[in-house]
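[1] Structure for this input, please:
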Amino acid sequence: MRPATFTLVTAPAVLGGTYLSYRMGVYGPPGTGFPWQVILGAFALAFVAALGLMAATRRSPPRPLNGAGVALELAAVAASLLMPAFLDAFEMPLTFGLFALFGLRLLRGTEGDRNAAAVAVAIDFALEALLVYRGSYAYRYALVAPLPLWLPAVWANLGVAARRLYPLLPELWRPRPKDSGSPQLSA
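    Numbering: from 1, shown residues only. Below you'll find the model as predicted:
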């Protein structure tokens, strides 16, 4: 159940950030439409990542998160997905900001967090390099290579968040107890 739930939660979130980046002109080429390969890739890689997270969290579970921890992880996800859409023309400051966010998040990180980040970066690099090579799209601002420098930081942050939030997925489907003490109207 967790791999399917993870896929259904994460792929649309990543696609939302990707589509916003597309609409903001982060990548193109212009007039070609949103690349359908990105949609297939997002769902396929989310499912593969879920299988990996299932095995990894059994071996080395992440620290439990409280409400503030969950909020911080969701804020890191939002920042990682939204900042490129608005700041891609400023590649170096964006790269620095996203890597700084990643570094701050690893101050209390574990080896599992670092491994999740490394795997997320490697998987995304392989997929994005293939899609750019095949001409599905090209990034508008990439100073050094066909892929922008900030891209590994985005996926490193998403990898850490995925590992830390993955154990919470069963909570999405757990039935809530009915409130027996609800106020009753009296006649």
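[2] Every contact and neighbour count from this point should use C-alpha atoms.
    OK.
[3] where does the chain have its least confident helix or strand?
    helix 170-173 (a mean of 66; mean pLDDT, DSSP states H and E).
[4] And the residue sitting nearest the centre point of the chain, what's its pLDDT?
    For the chain, residue 158 is the residue whose C-alpha lies nearest the centre (Cα atoms, centre = their mean; 3.6 Å). Reported pLDDT at residue 158 in the predicted model: 92.
[5] Mind listing residues that contact the helix or strand in which it is found?
    Element membership for residue 158 (DSSP states H and E) is helix 151-165. Residues external to helix 151-165 that are found in contact with it (Cα atoms under 8 Å, 6 or more residues apart in numbering): 53, 57, 62-65, 70, 73-74, 76-77, 80-81, 95, 98-99, 101-102, 112-114, 116-121, 124-125.
[6] swap in stretch 100-114?
    Counting by Cα under 8 Å, 6+ apart, stretch 100-114 makes contact with 56, 60, 62, 76, 153, 156-157, 159-160, 163-164, all of which sit outside it.
[7] on that earlier part again, could you pick out the buried ones from the contacts of helix 151-165?
    Buried positions within the contacts of helix 151-165, assessed by neighbour count (16 or more other Cα atoms under 10 Å), are 53, 62, 70, 73-74, 76-77, 80-81, 95, 98-99, 101-102, 112-114, 116-121, 124-125.
[8] Next step: those restricted to helices.
    If you go by DSSP state H, the buried ones among the contacts of helix 151-165 have 53, 70, 73-74, 76-77, 80-81, 95, 98-99, 101-102, 112-114, 116-121, 124-125 in helices.
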